[in-house]
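1. predicted model and sequence follow; I will ask about them next.
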Amino acid sequence: MHFAQYYLDCLSQASYLIGDETTGRAVLVDPRRDIDDYLHDAEAAGLRIELVIETHVHADFLSGHLELARATGATVAFGEAAETGFPIRRLRDGERLSLGADDGQGVTLTVLATPGHTLESICLVLHEHPEDDVPFGVLTGDTLFVGDVGRPDLLSAAGHTPQDMAARLHRSLHTKLLTLPDATRVFPAHGAGSACGRNLSSETSSTIGDQRRLNYALQPMPEADFVRLVTAGQPTTPGYFAHDAALNRDGHPLLEPGPPPALTLDEALAARDQGAALLDCRPLAAYTRAHLAGSLHTSLDTRFAEYAGSVVAPGTPIVLLATPGTEQEARLRLARIGYDHVLGHLPDPAAVLDRRPELSRSSRRIRQEELAAHGCRVAQGEPTAGGSAEGGQSGAPAADAESADARPVGTEPVDAEPVGVQLIDVRNPAEYEDGALPGARNVPLAGLSDRLTELDPARPVILYCRSGNRSVIAAALLEAHGFTEVCDVIGGYDAAGAGAG
């Protein structure tokens, strides 16, 4: 058997190439949009990709199922409940897919219908030999992660409540996945940092037995408690998720590779004046030192595509301001979330700013010890709780999750907001609930674009996150929308909390 996991760190996304080396027949599961690695590896292994299987309609990235179908002639397959705008093969619960010879021997996959994250979600149980008592593994999509389970709240706009989807998820986990032998390896579609869950591990595989013991959501509990637990404290959904889900469901233009064209400064500014976003993707230090007035920021060193999709509306034309030599990578990462409207890039932005200093701005940043001078009260003693990973994840919530719902996040501050200063915590709700600076209001980065009217552009704004990356992105967004007195806290909550202690 040929089995390969392809893990894309910048999106925390995993895809899988599975083939029977005797027959050369293969399937690809949950592919990303740039498919060259798959094609190269399949050819090198003597495999023919006959089927592209999606474990569900993805929302966090644009899948490569259509690109692969064009390149290989493969059939695209989804779970039976999927509704798509293009022809697909519908996979039934319990259906057995054989990659071996006609005698029934060889590599097989068995389809499990596992609704909960989405209605059409499926998992794939993989046997190297049909007679093996313990499967080689199970590809769990977004139903089960290492350390977490799929979020159940993404279909609210379609009329399915998070509570209903969570109940379905509970049944899928306990009647399907947890009936597999403990030694069955677990291969999920995402890892730490993904907004498809809140407590994902950095490990990219596990076993059913380890998840049964260690995964907070799989501990013995009534279904009602599970529902409360997994519906509380989910990260704010990035703005591009609905856009990507629609493209993956209805169809999208095929990826056109290659570098973006070079633009002159006048062309870049003219594009900005006509509604294009100037997206500076240089490292944070370079951006804060000097950037083009009105530009947005998200560095290629961080979760570039996800953050770009949080501050740039889908369909917006984009001009890239990138470190020379990185513009093609930036364009590709944007294409992976369906942001194809890259008009071009401004070559060597730093040199341009040196020549035109009147167009240059520097970011205002303060250290945690300066907060008091700006009218912000920093708590004394130990901080209430520590922040979590910059990607927006936090530790698993307590089993009694109702307390997290007692106060709507973002509608009431932790303490009285500082007079004259708007102190904004741009971390995710679960991080905010774990502890925040006194007087801070929670407006997560992923939802900031839609909530700008809640802030007063005539009053100073101080932003913070966990370590200082998301707050710089948020500050750039506010400045691009006309806020004139904006700064962020260097080192974020970690520095502020530690300093307070």
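-> Arrived safely.
2. what's the offset of stretch 22-31 from the middle of its chain?
-> Chain-centre distance of stretch 22-31: 26 Å, with CA atoms, centre = their mean, to the nearest Å.
3. same question for stretch 248-264.
-> 20 Å.
4. what element comes up after the helix of greatest length in the chain heading to the C-terminus?
-> Longest helix in the chain, counting residues (DSSP state H): helix 162-175. Using DSSP states H and E, the next helix or strand after helix 162-175 towards the C-terminus is strand 185-188.
5. mind listing residues that contact that next one?
-> 5, 14, 16, 136-142, 144-146, 204-208, 211 (CB atoms under 8 Å, 6 or more residues apart in numbering). Yep, even glycine has a C-beta here, placed from its N, CA and C like the rest.
6. let's see it at 6 Å
-> For strand 185-188, the external contacting residues (CB atoms under 6 Å, 6 or more residues apart in numbering) are G137, L139, T140, F145, S205, S206, T207.
7. go on, stretch 264-276?
-> Here stretch 264-276 makes contact (CB under 6 Å, 6+ apart) with L278, P317, V319, L343, L346, V352.
8. from L455, how far out is the closest residue to R96 other than its chain neighbours?
-> Nearest residue to R96, sequence neighbours excluded (CB to CB, 6 or more residues apart in numbering): T110, at 5.3 Å. Here T110 is placed at a distance of 52 Å from L455 (CB to CB, to the nearest Å).
9. again with P257
-> 40 Å.
10. these two - which one has more neighbours?
-> Applying other CB atoms under 10 Å to P257 and L455 shows that L455 carries more neighbours, namely 18 against 11.
11. what residues are up against that one?
-> Q422.
12. then A475?
-> L463, V486, D488.
13. of those residues, which belong to strands?
-> L463, V486, D488 (DSSP state E).
14. could those residues go into CSV alongside neighbour count, distance to I49 and pLDDT?
-> Formatted as CSV, these follow (neighbours: other CB atoms under 10 Å; distance: CB to CB, whole Å; pLDDT from 0 to 100):
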residue, neighbour count, distance to I49, pLDDT
L463, 28, 46, 97
V486, 23, 49, 97
D488, 28, 46, 95
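15. closest to G197 among those?
-> Closest approach to G197 among the ones in strands among the contacts of A475 (CB to CB): L463, at 25.3 Å.
16. partner residues bridging the closest one?
-> I424, D488 (DSSP bridges).
17. those helices in the stretch 251-400 of the chain, which residues are they?
-> Along the stretch 251-400 of the chain, the stretches classed as helices by DSSP state H, counting those that start in this stretch are 265-273, 284-289, 304-311, 327-335, 349-355.
18. same list, the ones you listed, but as TSV with distance to P235 please.
-> Below are the helices of the stretch 251-400 of the chain laid out as TSV (distance: least, CB to CB, whole Å):
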stretch	distance to P235
helix 265-273	30
helix 284-289	21
helix 304-311	10
helix 327-335	20
helix 349-355	31
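19. closest one to P115 among the ones you listed?
-> P115 lies closest to helix 304-311 among the helices of the stretch 251-400 of the chain, at 25.4 Å (CB to CB).
20. so that closest one versus helix 327-335, what angle?
-> Going by axes from the mean of the first three to the mean of the last three CA atoms, to 10 degrees, helix 304-311 is angled at 60 degrees with respect to helix 327-335.
21. for helix 304-311, packing partners?
-> Using 3 or more CB pairs under 6 Å, 6 or more residues apart in numbering; DSSP states H and E, no helix or strand is in contact with helix 304-311.
22. among the contacts of stretch 264-276, which two are most distant?
-> Greatest spatial distance among the contacts of stretch 264-276 (CB to CB): P317 and V352, at 19.3 Å.
23. neighbours of the closest residue to L66 other than its chain neighbours, how many?
-> With sequence-adjacent residues excluded and distances taken as CB to CB, 6+ apart, L66 is closest to L254, at 6.1 Å. Using other CB under 10 Å, L254 has 12 neighbouring residues.
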